[in-house]
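**Student:** Dropping a prediction and its sequence here:
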Amino acid sequence: MAHPRRKRTGAAAFVGVAALALTACGGNGDSDSGDGGDAAAGSSEIDCSVYEQFGDLSGTSVSTYSSILSPESDAYEAAFVPFEDCTGVDVQPEWSSEFEAQIVVRVQSGNAPDIAFFPQPGLLQTVVRDTGSVLPVFEETEAVIDENFSEDWKAYGTVDGTYYGFPNSSNSKSFVWYSPGAFADAGYEVPETWEDLIALSDQIVADNPDGSVKPWCAGIGSGDATGWPVTDWVEDKMLRDQGADYYDQWVNHDVPFNAPESLAVWEEVGSILRNEEYVNGGFGNVQTIASTTFQDGGLPILDGSCFMYKMASFYAANWPEGTNVAEDGDVFAFYFPANEGATEKPVLVGSEFLAAFEDRPEVRAFTTYLASADYANLRAKEGFGFVSANLNLDVNNVESPISKLAAEQFQDPSALIRFDGADLMPGAVGSGSFWREATAWIAEGKDTQDVLDAIEQSWP
Amino acid sequence: MAPLSDIKSPERAGASTDDAEARAQTTPVSKSALAVGIVMILVFVGVVGIIAASFFSAVPEISWPSFLVDSSTTLEKLGLMTFVVLLFVGVMALLLFMVDSRKRVPNWTVAIAFVGPALAALLLGLIWPGVSTIIQSFYGRSPWSDPERSEFVGFDNFATLFTTSEFQVVLRNTMIWVILVPLVAVGLGLLYAVLIDRTRGEAVSKGLIFLPMAISLVGASIIWRFIYEYRAPARPQIGLANQILIWLGLDPYQFLLNSPWNTVFLIVVMVWIQTGFAMTIISAAIKAIPDDIIEAARLDGVSGLRMFRYVTIPSIRPALLVVWVTITMTTLKVFDIVRTMTGGNFQTSVVANEFYTQSFRQFDFGLGAALAVLLFVIVIPVVVYQVRQLRLSEDIR
């Protein structure tokens, strides 16, 4: 008698587990459906008539996939609501920390999202070339983009001559973080030119002969992306020393990576990053730049062990809670200065890009919304350091002072905007050898020419 | 080899041959074996059911009921579950009918019914992905199943692995890992097991060494990254290792940065985890040495080191081998420690980490597959050696 009973419990247990697993999956679908779909058209915040051209969309849904995580994702969801109210489309976002590893796999297995938020255009390029599943920007969306973005931005979302992606959130990399208070106490001025910047660095060294306080601190650690902050340094300096034309050639590999011009730029960057007198305040010698994460890199500014940290505008989120990020606050950033006599203001930018995988009216409507000034303004109001390169973004809607500064840079007519070159280079270089060799350059003191030769050799 | 009595014993009757009726009626042992078998089948049918469900969505030309293809709501998922459960019940009923029926059912039908699902699951879940990976290793960066983009490159991927200096470092590191980790972990485990054998507080001392086993590799890596943390000499250290150096009057050291020693410091983490495992198995083996052997050796005047060399080691040789091979295989697959502690930077990458980087960061699936195949090829001799040694020791018994 005992045996049949044992058999039955075994089977029952398995069925029970299966039921649990399935209901657990079911939960997801439920939580997303329900809201959104039933909302009636005609909300007040945005002009709904724009979306009438796409027909009656109520009851449809659009899925998005992104590497943005909570709580920042909440700000996005809030900015999607007016669109949902207008059209009745249910936007189903998916936020994943595994985006970069998963997106190619998902697309190749036929499970692509409707719209993906690519953290950099390099990944967009990879997905376009490796899967062929990305759709060109829809014409309705492109019309809106033409109203809102400068022509340059089209080039960054173009792969092999086809226009695929348009920017979402952008950031300016041409910033140097500092403490206004510490500068005032020591009697230092914010430098206006590269020459001033070097003079200031020397001044700080001279004022602190015991070496306990350094002019610069730096950190390039970032898991398997370690080394990327160095690429920002090189790019920013390349843009300043060699000009925009050379920069474009350099990014497109029309000039060799190990050309003498390039070497000169690296040596200039090395005069700061590999200079034991200048770095690495609060951490130790040059080597410590490689073992310090970029998130920690600027923190010694707060305790006065270093004065300056070059990092993009998004670094505002990395200061400890309670730090006042403002021109008259605890920390702020100044523009990474141009060379003496420069007529333009070179600005290095980075951005997320949006691209679609499915062509349905509701997807067209949503990408059109995401390109609009309405979205840029609504999303900016939600904060989390959001800045858009959207020219019709009202700077007053941008929440933080540093993001405002970035937005002003984007809209400044004298700005010479260029995109982060490493993101535009082929993945084997831009997110491979460039990072790796830059890390070796710092951590192992590898010879500059050897570094450039190795990167040149890795170019596919 | 098998003696005749074995075949006739009731335990083996279920497995032996043709008389289904006698089996069902007389032998309780075979019935419980049957029950276990049926539960196994349920599991396999479940797996096959899930694979079948994904197959439905892969063949869109046929209009399957929506709950099979795309079950997004809870109701549809329950429907899918019911379907799979019914599939179980159907297959089970068929099996039971076949087993219980008075008529003779051909043996091969029963055999297929039992082995078939397992084979299918193996084929779909293990063999096919393996073959696919091997094929991919001869192709370029795109999946070989995509004829528009993939191109056949022959042995180019492997040539890259062996001729590029960056990959040579990876291979060198993997070799260091595979040699050092089993050697040190088994050595320390053996030493510890012998030293604490039959001492007071044995359980506690064993527990202390075994504890790290309970920590995940990523958790252990994070702990050790803090231990190795570096701060400038003039500043307060937050890493234990560097604080000890300071107490000894030395300068703090960049444990994770300076190649090639940084690889050794990563290996320390693996050894820390694996020593407990080695110690436990070896200790159990030592306790299993029959007392009469030890007594006989004592009477012959053997003691101390000689006892260890001539009695203990030969007696626990099979256990040592198992531990050695298991740790070697774990080490070959090491990924978590490298990824968490250095991200493969500073010349610390190993094959498994590089495989991930190439496949899912660079999206060079060809090179990634070649690395996976290389790992596979390295593991084969280890497995073969283990199986042969186990057979050998069974023969001796």
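**Tutor:** Happy to help now that I have it. No experiment lies behind these values; they were computed from the predicted model shown.
**Student:** Could you count how many residues lie near the closest residue to chain A within the stretch 101-250 of chain B?
**Tutor:** Using C-beta to the nearest C-beta, the closest approach of the stretch 101-250 of chain B to chain A is made by residue B:232 at 3.4 Å. The way it works is simple: take the backbone N, C-alpha and C, and place the C-beta from them, glycine included. Per other C-beta atoms under 10 Å in any protein chain shown, the neighbour tally for residue B:232 reads 19.
**Student:** is it fair to say it lies in a strand?
**Tutor:** No: applying DSSP: H, G, I helix; E, B strand; the rest coil, one finds residue B:232 to be coil, outside a strand.
**Student:** I'd say it and residue A:286 touch.
**Tutor:** No: the criterion here is C-beta atoms under 8 Å, and residue B:232 misses it with residue A:286 at 11.6 Å.
**Student:** For stretch B:249-269, which residues meet the burial criterion?
**Tutor:** B:252-257, B:259, B:262-263, B:265-269 (16 or more other C-beta atoms under 10 Å in any protein chain shown).
**Student:** Can you give me the pLDDT of residue 43?
**Tutor:** The chain I'm using is chain A. The score at residue A:43 is 46. That number is its pLDDT.
**Student:** sorry, should have said chain B
**Tutor:** pLDDT at residue B:43 comes out at 73.
**Student:** What is the neighbour count of it?
**Tutor:** Neighbours of residue B:43 (other C-beta under 10 Å): 16.
**Student:** low pLDDT regions in the chain?
**Tutor:** As the question left the chain open, I've gone with chain A. Filtered on pLDDT under 70, chain A yields the residue ranges A:1-44.
**Student:** wrong chain, I was asking about chain B
**Tutor:** B:1-33, B:36, B:41, B:44-45, B:48-72, B:99, B:101-105, B:395-397.
**Student:** How is it partitioned into domains?
**Tutor:** B:4-136, B:158-396 (automatic domain parsing).
**Student:** Buried deepest among those domains, which one?
**Tutor:** Across the domains of chain B, averaging neighbours per residue (mean count of other C-beta atoms under 10 Å in any protein chain shown) puts domain B:158-396 on top, at a mean of 17.
**Student:** all helices of the stretch 151-300 of chain A, in order?
**Tutor:** Assigned by DSSP state H, counting those that start in this stretch, the helices in the stretch 151-300 of chain A fall at A:152-156, A:180-186, A:194-207, A:228-241, A:243-251, A:260-273, A:288-291, A:294-297, A:300-303.
**Student:** so which of these gets nearest residue A:447?
**Tutor:** When the helices of the stretch 151-300 of chain A are compared by C-beta to C-beta, helix A:260-273 sits nearest residue A:447, at 10.6 Å.
**Student:** thinking residue A:213 is in contact with residue A:305, fair?
**Tutor:** Yes: counting by C-beta under 8 Å, residue A:305 is a contact partner of residue A:213 at 5.7 Å.
**Student:** any common contacting residues for the two?
**Tutor:** Residues within reach of residue A:213 and of residue A:305 at once, by C-beta atoms under 8 Å, 6 or more residues apart in numbering or on different chains, are residue A:281.
**Student:** and the stretch 201-350 of chain B, which residues reach chain A?
**Tutor:** Neighbours of chain A within the stretch 201-350 of chain B, by C-beta under 8 Å from any C-beta of the partner chain: B:230-235, B:254, B:256-257, B:259, B:339, B:343-346.
**Student:** ok, those residues vs residue B:119, which is closest?
**Tutor:** residue B:339 (34.9 Å).
**Student:** Look up the closest residue to the closest residue to chain B within the stretch 251-400 of chain A, ignoring the ones flanking it.
**Tutor:** Proximity of the stretch 251-400 of chain A to chain B (C-beta to the nearest C-beta) peaks at residue A:284, 3.4 Å away. Using C-beta to C-beta, 6 or more residues apart in numbering or on different chains and skipping residues adjacent in sequence, the residue nearest residue A:284 is residue B:232, 3.4 Å away.
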